[in-house]
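Colleague: Could you work out the structure for the sequence below:
(one chain, ligands or ions: 1)
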Amino acid sequence: MLTYLDKMITHPASILRSLYPSLKWKVKTDQKQLFLTFDDGPVIGVTDKLLDKLKEYNAKATFFCVGKNIEKNPELFDRILEEGHTIGNHTYKHTNGWKSTNMSYLKDVQDFQNLYQTRYFRPPYGKMKPAQIAALKGRYKIMMWSALSMDYHPSVSAEKCYENANSKLKAGDILLFHDSEKAAAKMMYAVERILKERSEEGFQFASLPQ
Ligand SMILES: [Zn+2]
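Modeller: You can find the predicted model right below:
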């Protein structure tokens, strides 16, 4: 079952955005660009197939990697970089900000930076305490999303993932998917359709500026 909160975060209402003005929910652009983002990789058997697909459409994306997955799959991580995509920090251990002390949260963010330096950050589960936001917002651009596929959710079908991510898309929108094993089949279905259909409409898929 989807909760009210689930529905609200699929397309964050202006009220949610206005509560957190220091978080980024869209990209300002005067071009017909969309911003694909992928959380939780790199994962062998998922991220590599996704990279092939992105290449087919000359699409760039932003990967909010988990530090321990970078350590597990360093060659795949290098491939993401070599193919011109942007990397964001998604913490080293995928820590839930609401369930951790500020000190251990900030350490987990820094543990990622010790592997790779980036100015983009996205909180795992989208959850941060106000003090964590305050501590990170000066150093990082905290990137949220404007369209959430919910590819990770067991009761959301592939078709629904596509609809969640694809409906009402406008230039500058940030689409959120997961290059994880759990989400892979649904994510690939939705991403492939969006790449094809939106490319035909003249959209370009861009990564966040490095
Ligand atoms: Zn995540």
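
Colleague: Which neighbouring elements make contact with the longest helix seen in the chain?
Modeller: Ranked by number of residues, the top helix in the chain under DSSP state H is helix 184-200. When contacts are defined as 3 or more Cβ pairs under 8 Å, 6 or more residues apart in numbering; DSSP states H and E, helix 184-200 packs onto strand 33-39, helix 47-56, helix 158-166, strand 174-178, strand 204-205. Yep, even glycine has a C-beta here, placed from its N, CA and C like the rest.

Colleague: run the last query once more with 7 Å
Modeller: Helix 184-200 is packed against helix 47-56, helix 158-166, strand 174-178, with contacts defined by 3 or more Cβ pairs under 7 Å, 6 or more residues apart in numbering; DSSP states H and E.

Colleague: Any part of it near the ion?
Modeller: No. Using Cβ under 5 Å from the ion, we find that helix 184-200 stays clear of the ion, coming within 12.7 Å at best.

Colleague: Go ahead and produce PDB holding the CA coordinates of that helix.
Modeller: Backbone C-alpha positions of helix 184-200 (Å, rounded to 0.1, in the frame of the first residue of the first chain) are rendered in PDB as follows:
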ATOM      1  CA  ALA A 184      16.600  -3.000 -11.600                       C
ATOM      2  CA  ALA A 185      13.800  -4.500 -13.800                       C
ATOM      3  CA  LYS A 186      11.400  -1.700 -13.100                       C
ATOM      4  CA  MET A 187      14.000   1.000 -13.400                       C
ATOM      5  CA  MET A 188      15.300  -0.300 -16.800                       C
ATOM      6  CA  TYR A 189      11.800  -0.500 -18.200                       C
ATOM      7  CA  ALA A 190      10.900   3.100 -17.200                       C
ATOM      8  CA  VAL A 191      14.200   4.600 -18.100                       C
ATOM      9  CA  GLU A 192      14.300   3.000 -21.500                       C
ATOM     10  CA  ARG A 193      10.800   4.300 -22.400                       C
ATOM     11  CA  ILE A 194      11.600   7.800 -21.100                       C
ATOM     12  CA  LEU A 195      14.900   7.900 -23.000                       C
ATOM     13  CA  LYS A 196      13.100   6.900 -26.200                       C
ATOM     14  CA  GLU A 197      10.000   9.000 -25.900                       C
ATOM     15  CA  ARG A 198      11.500  12.200 -24.500                       C
ATOM     16  CA  SER A 199      14.400  12.100 -27.000                       C
ATOM     17  CA  GLU A 200      11.900  12.000 -29.800                       C
END
